[in-house]
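Enquirer: what's the 3D shape of this:
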Amino acid sequence: MWGMTISKSLGSLLHQHVGGMKTEASQKPVPMDGALLEALQDWSEQAPYRQMGDWVFASPDTDGKQPYWPETPLKCHVHPAAKRVGITKALGWHSLPQDVRNAVERRR
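Expert: Purely as a prediction, here's the structure:
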């Protein structure tokens, strides 16, 4: 496919623990759009932690020794913002788009 490249995952990350890939399917290469590859390469040139083995999105709170955790922006930014606009349902990354859409529809 034009503009695509292949990426291979080297491990998994769950609850701040690095491990191996769980299934044979998850070990297979994954296509990556060329624009995403370019954006990641641009980021790698300006990221504060860019040594081999550093996290792509390393947290400055841990001096780059750990990545940003998905739960952090959810708890610190998304949940408070949702509460301010009247969304009281527990939100997660998977359900967030549909939950916000439903809340907007109810407000109309």
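
Enquirer: Buried ones in stretch 64-78, by neighbour count?
Expert: For stretch 64-78, burial by neighbour count (16 or more other C-beta atoms under 10 Å) applies to G64, P67, V78. From N, CA and C alone the C-beta is placed, and that goes for glycine too.

Enquirer: Name the nearest of the residues you listed relative to G86.
Expert: Proximity of the buried residues of stretch 64-78 to G86 (C-beta to C-beta) peaks at V78, which lies at 14.1 Å.

Enquirer: low-confidence ranges in the chain?
Expert: The model of the chain has pLDDT under 70 over residues 1-10, 16.

Enquirer: Export stretch 27-44 to PDB, keeping only CA atoms.
Expert: Only the C-alpha atoms of stretch 27-44 are listed here, as PDB (Å, rounded to 0.1, in the frame of the first residue of the first chain):
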ATOM      1  CA  GLN A  27       3.800 -10.600  17.400                       C
ATOM      2  CA  LYS A  28       3.100 -10.000  13.700                       C
ATOM      3  CA  PRO A  29       4.200  -6.800  12.000                       C
ATOM      4  CA  VAL A  30       1.600  -4.000  11.800                       C
ATOM      5  CA  PRO A  31       1.200  -1.500   8.900                       C
ATOM      6  CA  MET A  32       1.900   2.100   9.800                       C
ATOM      7  CA  ASP A  33       0.900   5.100   7.700                       C
ATOM      8  CA  GLY A  34       3.900   7.000   6.400                       C
ATOM      9  CA  ALA A  35       2.600  10.300   7.900                       C
ATOM     10  CA  LEU A  36       2.600   8.700  11.400                       C
ATOM     11  CA  LEU A  37       6.100   7.400  10.800                       C
ATOM     12  CA  GLU A  38       7.300  10.900   9.800                       C
ATOM     13  CA  ALA A  39       5.600  12.400  12.900                       C
ATOM     14  CA  LEU A  40       7.300   9.900  15.200                       C
ATOM     15  CA  GLN A  41      10.700  10.600  13.500                       C
ATOM     16  CA  ASP A  42      10.200  14.300  14.000                       C
ATOM     17  CA  TRP A  43       9.300  13.800  17.600                       C
ATOM     18  CA  SER A  44      12.300  11.600  18.200                       C
END
